[in-house]
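Engineer: Sequence and computational prediction follow.
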Amino acid sequence: KDGYVISSGFQRNGTPCVIVSLLSTVTPLQQTKAYFHAKVLSKEWQEWLQEQRGQLQQDRNPKTLGLQGEIGNVRLEIEDKASNRLDTYWDGFVMASANAGWDLSRSELQTCGYEINMELI
């Protein structure tokens with residue numbers, strides 16, 4: 001439906017990261033939405049980190065903050081919150097972009113990485 005899959009997790013040093021995978025059929029508009037979604041999700045992680053600031057100053061790795069069992073729940077909560085905000089913000093972004101003269105269906109966003117095609121037999 002969206003042309004992409006998005007998730008988040010932690011790097012080895014404990015820093016949150018956002019992962020976006022574009023499907024081979026992604027349209028320029030869907031690709032723009034994927035990047036926009038990633039920005040919203042990263043903002044949610046920044047807000048969570050800000051809330052955890054006191055603990056993180058002592059121990060930068062969220063995996064060792066006593067949240068080992070809860071970290072998956074935290075991740076899901078943050079991803080859900082970002083998805084809900086995306087629903088609110090996306091239409092406004094598209095409208096503001098159109099008002100500014102941008103045609104998001106003709107975006108030329110560049111990607112770096114690998115494409116993997118898997119066929120299920």
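Structural biologist: Okay, I see it.

Engineer: I'd like to know how many residues surround Cys17.
Structural biologist: Neighbour count of Cys17, defined by other CB atoms under 10 Å: 11. The way it works is simple: take the backbone N, C-alpha and C, and place the C-beta from them, glycine included.

Engineer: before we move on, what about Lys33?
Structural biologist: Neighbours of Lys33 under the rule other CB under 10 Å: 21.

Engineer: so what's it up against?
Structural biologist: Asp2, Gly3, Tyr4, Trp90 (CB atoms under 8 Å, 6 or more residues apart in numbering).

Engineer: try 10 Å this time
Structural biologist: Contacts for Lys33 (CB atoms under 10 Å, 6 or more residues apart in numbering) come out as Asp2, Gly3, Tyr4, Ile6, Val26, Thr27, Leu86, Trp90, Phe93, Val94, Leu104.

Engineer: Tell me the one of those residues nearest Ala38?
Structural biologist: If you rank the contacts of Lys33 by distance to Ala38 using CB to CB, Ile6 comes first, at 6.3 Å.

Engineer: what about the residue positioned nearest the centre of the chain, helix or strand, and which?
Structural biologist: In the chain, the residue lying closest to the centroid (CA atoms, centre = their mean) is Ala38, at 2.8 Å. Here Ala38, judged by DSSP states H and E, is contained in helix 28-51.

Engineer: Can you give me the buried ones in that helix?
Structural biologist: Buried positions in helix 28-51, judged by neighbour count with 16 or more other CB atoms under 10 Å: 30-38, 40-42, 44-45, 48.

Engineer: Ok, stretch 102-110 next?
Structural biologist: Neighbour-count burial for stretch 102-110 [16+ other CB under 10 Å]: Leu104.

Engineer: Show me where this protein has its strands.
Structural biologist: Remark: strands assigned in the chain by DSSP state E are 4-10, 16-22.
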